[in-house]
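Participant: Pasting a predicted model and its sequence here:
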Amino acid sequence: MILPLELLIALVVWGTFVGVDLVSLPQMMIARPLVAGTVAGAILGDIPTGLKLGVVFELLQYDILPVGAVRYPEYGPATVAAVATAHASAGVLGLGLGALVGLVTGLFGGLTINLLRRVNSRIIHNAAARLESGDPSALVRVHVGGLLRDALRAAVVTVFGLVLAWLARPLLGGVLSVRGAVLLAVAVVGTALAAGAAGTLRLVGRGPNLAWFAAGLAGGIAATIWLR
Amino acid sequence: MAAVKRPLALALLRLFAVQGSYNYERMLGVGVGVAEEPLLRDLDDGKYRPAVARGAHFFNSHPYLVGLAVGAAARAEHDGAPPDQIERLREALCGPLGSLGDRLIWAGWLPLLSGLTLAAVALGAGWIAVASFLVVYNIGHVALRWWALKAGWTHGTRVSVALHHPVLQKAGALLGPAMAFAVGAALPLTAAYLSAPFESWARVALSIVAALSFLGFRLRGDRLNGLRLSLALAALALVVGVIWQ
């Protein structure tokens, strides 16, 4: 993947915004893979690829309920890297390689979130005396420091994903057969669909909403058959 | 009231970054303190600093509803409530605000709109569906943040009244079924959309992988998650793909 410098910068900036939106600011859901992927696709002039990988990672996102201090992979910047990978390789090979790069980036992103929270804990622990004095400027400094660290973290995750995207095509594209590329795409798309269904069923539970889920599923199947 | 508008607006703006220093020691506490601070500025010197320090103590809840605690605690400080009562109020709000927000947003509003967007994209609506998702989601998001802050500031220590607001009750009852229906309908449409470029043998393989993965998630959901299984299957597919030329 060789992209012009201005496109790489735009992707890093977008990935950073996406990474910061997940937890810190402003949680307006640009971190959702559907949004992150579509805009990354628009930056590359390839919205269909952005949408497709956005849909794959959006399904994987259903696996996560971000309650309390739960640990989870970070699929926003991961989707940006996935789209950059897929853009460089056409068709199913792009989908498979893009998804692979996105998964590894998502795993790395999740680890950095946990690390950042630990670093924040230590800094806040050390600043306890200043915070207990009620000094508003100390409070704001500690908080803004956390925001800036998250921005740096998101930028690092995006760059990591784009480096993987740059490596994926020459390292894997050459040795992978066409059937292998299809298998790779099948593995990730199949798991994403299953994760979407299982995650939704966890939200739905066994109560009356299960009937609504079944009704929706039946309607979706009917619409799919009718549209073929 | 006009004099309060500016601090309320400032507190609202700061609430958008309430998780900026999220950590395992005070969770959202520091962000809550930062958001509450503008509402405390007109307190006497002797009361201002202790109130700011209290505001930054441990707090955890759903980020969109934190405003309720920020407004209520700030109002209680103005009303001269004893410090231990304010601490108890904050502690008492963590659980209810967390569970209400999780139910309304993470398990309702967000997956509902995400499901509708997935279905719309699968049906060919393209980026317009994604843009609509962002706009509609954030109308609800910003409205909830603003309502929470205002309700907290209005009710103070009696803020539990706001949690029984009929709109919240009705939204809770409607969002669950709507989310279940929308995502249920989106799944087959999305499967058809994603499998469109595959040949027939690959579609059969996709069905098998999806079915077995689903069974795995249902039976061993405690150990398996989407990321782990995807990575494991992708690694396996890579090995097979290199060998099977």
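Facilitator: Yes, it's here. Keep in mind it's a predicted model, so treat the numbers as computed, not measured.

Participant: Would you state the helices of the chain in chain order?
Facilitator: Just going to use chain A. A:5-23, A:33-43, A:47-61, A:75-88, A:91-126, A:128-132, A:136-168, A:178-204, A:209-227 (DSSP state H).

Participant: if you could check chain B rather than the one you did, that'd help
Facilitator: Per DSSP H, chain B carries helices over the ranges B:2-15, B:29-40, B:45-55, B:66-78, B:83-101, B:110-122, B:127-155, B:160-163, B:166-195, B:200-219, B:226-243.

Participant: I'd like those helices as CSV, with mean pLDDT and distance to residue A:50 appended.
Facilitator: Quick note: C-beta positions are derived from backbone N, CA and C, even for glycine. What follows is the helices of chain B, written out as CSV (pLDDT from 0 to 100; distance: least, Cβ to Cβ, whole Å):
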stretch, mean pLDDT, distance to residue A:50
helix B:2-15, 89, 31
helix B:29-40, 97, 32
helix B:45-55, 94, 41
helix B:66-78, 97, 33
helix B:83-101, 95, 30
helix B:110-122, 98, 11
helix B:127-155, 97, 8
helix B:160-163, 92, 40
helix B:166-195, 96, 14
helix B:200-219, 95, 21
helix B:226-243, 91, 19
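
Participant: returning to that earlier point: which of the helices of chain A sits closest to chain B?
Facilitator: Chain B lies closest, by Cβ to the nearest Cβ, to one member of these: helix A:178-204, at 1.8 Å.

Participant: Which residues are in contact with residue 191?
Facilitator: Answering for chain A, as no chain was given. Taking Cβ atoms under 8 Å, 6 or more residues apart in numbering or on different chains, we find residue A:191 in contact with A:60, B:209, B:210, B:213, B:226, B:229, B:230, B:233.

Participant: that's the wrong chain, I meant chain B
Facilitator: Contacts of residue B:191 (Cβ under 8 Å, 6+ apart): A:193, A:224, B:206, B:210.

Participant: Can you tell me which residue of chain B sits closest to chain A?
Facilitator: residue B:241 (1.8 Å).

Participant: For the closest residue to that residue other than its chain neighbours, grab the count of nearby residues.
Facilitator: Spatially, and ignoring its direct neighbours in sequence, residue B:241 is nearest to residue A:180 (1.8 Å; Cβ to Cβ, 6 or more residues apart in numbering or on different chains). Applying other Cβ atoms under 10 Å in any protein chain shown, we find 22 residues neighbouring residue A:180.

Participant: Repeat that for residue B:212.
Facilitator: By other Cβ under 10 Å, neighbour count at residue B:212 equals 15.

Participant: cool, residue A:211 as well?
Facilitator: Neighbour tally, residue A:211, other Cβ under 10 Å: 13.

Participant: Next one, pLDDT for it please.
Facilitator: Residue A:211 carries a pLDDT value of 97.

Participant: Now do the residue of chain B closest to chain A against residue A:181, distance only.
Facilitator: 7 Å (Cβ to Cβ, to the nearest Å).

Participant: and if you look at residue B:66?
Facilitator: 46 Å.

Participant: hmm, stretch A:102-111 in reach of chain B?
Facilitator: Yes: against chain B, stretch A:102-111 shows contacts by Cβ under 8 Å from any Cβ of the partner chain at A:103, A:104, A:106, A:107, A:110.

Participant: ok so, going back, which of the helices of chain A sits most buried?
Facilitator: Comparing these by mean neighbour count (mean count of other Cβ atoms under 10 Å in any protein chain shown), helix A:75-88 ranks first with a mean of 33.

Participant: from the middle of its chain, how far away would it be?
Facilitator: Distance, stretch centre to chain centre, for helix A:75-88: 9 Å (Cα atoms, centre = their mean, to the nearest Å).

Participant: Kindly report the same for stretch A:24-37.
Facilitator: Using Cα atoms, centre = their mean, the offset of stretch A:24-37 from its chain centre is 9 Å.

Participant: Check whether it comes near chain B.
Facilitator: Yes: against chain B, stretch A:24-37 shows contacts by Cβ under 8 Å from any Cβ at A:24, A:25, A:26, A:27, A:28, A:29, A:30, A:32, A:34, A:35.

Participant: Quick one: buried ones out of those?
Facilitator: The neighbour count (16 or more other Cβ atoms under 10 Å in any protein chain shown) marks A:24, A:25, A:26, A:27, A:29, A:30, A:32, A:34, A:35 as buried among the residues of stretch A:24-37 next to chain B.

Participant: Could you check the pLDDT of the first one?
Facilitator: Which is residue A:24. 93.

Participant: The fourth one too?
Facilitator: For residue A:27, the model assigns a pLDDT of 95.

Participant: Quick one: low-confidence residue ranges for chain A.
Facilitator: Within chain A, the stretches with pLDDT under 70 are A:1, A:67-69.
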